[in-house]
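Colleague: Sequence and predicted structure are below.
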Amino acid sequence: MASEMIDRSPRSESHTLRMEEERLRTYLSERFGIHTRFAPLSDVRAFLVSPPNDGHAKGLVVSSDATAAERIYLYLHVAAHLALGHHLPLATIVEGVPGIARLDGDVHAHLEAEKLARVMWWGEDAVLWSSPLVRRSTVLRTLLARDATRSALRSLLMALRAAYYDLRIERALAGSRMAAWLRDALCVTAVVSVAPQLSD
């Protein structure tokens, strides 16, 4: 089994976020051989333990307190470390709170991974994020680039999501372009809110 997880997501986390988190976790397992586990961690959000070579499984331990949005960011950041080869040989990569604390000494490696993570998140050929409709929105990216507008946008999208379900219009709009944009925009906004360096 690629991962073990007890779903304790707060009600404010959308189904889209949880599904995206699961999709990325599966991608890491299939593409990179990463076995993810969840455990109570103090002071860190995750750590990746690597074998001496890529022929063996890698272990990613993620804090059970991390939100779905934080987990999505952590998977993206870890994938960037792997693409850059920071995990070999026998490296343990420790992740602090997204964008705030790095508990190991290799700040340069984390900065490199952040740059690549931004490309992986927003780039035209992004593998880990699959929503060109949202990704190409210059309006959304502009709003996510600043703290004040990012916070306001998230509140607005959460209100629209609540209305979407409370007014029982989800069936009528379920397959629409507008509903798809709302779901993806909420996911992107939530992830960038926990990792604002993705919008730099």
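Modeller: Received the coordinates, thanks.
Colleague: Quick one: the strands in this structure, in order.
Modeller: Taking DSSP state E as the criterion, the chain contains strands spanning 34-39, 46-49, 58-63, 92-95.
Colleague: Could you give the number of residues near L116?
Modeller: 18 (other CB atoms under 10 Å). C-beta: built from backbone N, CA, C; applies to glycine.
Colleague: what bits of this structure have low per-residue confidence?
Modeller: Along the chain, segments meeting pLDDT under 70 span 1-13, 53-55, 87-88, 90-91, 97-105, 124-133, 165-175.
Colleague: And it, what are its domain boundaries?
Modeller: Domain segmentation of the chain under automatic domain parsing yields 15-129, 133-199.
Colleague: Deepest in the core, which of these is it.
Modeller: domain 15-129 (a mean of 17; mean count of other CB atoms under 10 Å).
Colleague: quick one: contacts of the longest helix seen in the chain?
Modeller: Longest helix of the chain, by residue count under DSSP state H: helix 147-166. Here helix 147-166 makes contact (CB atoms under 8 Å, 6 or more residues apart in numbering) with 12, 14, 140, 142-144, 170, 173, 179, 182, 185-186, 189-190, 192-193, 196, 199.
Colleague: and if you look at stretch 47-58?
Modeller: Contacts with stretch 47-58, where a contact means CB under 8 Å, 6+ apart, come from 32-35, 41, 59-61, 78, 81-82, 87-95.
Colleague: Need the phi and psi values for A195.
Modeller: phi -130, psi 70 (degrees, to the nearest 10).
Colleague: L17 and R71 touch, don't they?
Modeller: No: taking contacts as CB atoms under 8 Å, L17 lies outside contact range of R71: 9.1 Å.
Colleague: where along the protein do the helices fall?
Modeller: In the chain, helices defined by DSSP H lie at 15-32, 68-83, 107-122, 132-135, 138-144, 147-166, 170-173, 177-194, listed in chain order.
Colleague: Looking at the ones you listed, which is nearest to A46?
Modeller: Set against A46 and scored by CB to CB, the helices of the chain come closest in helix 68-83, at 4.9 Å.
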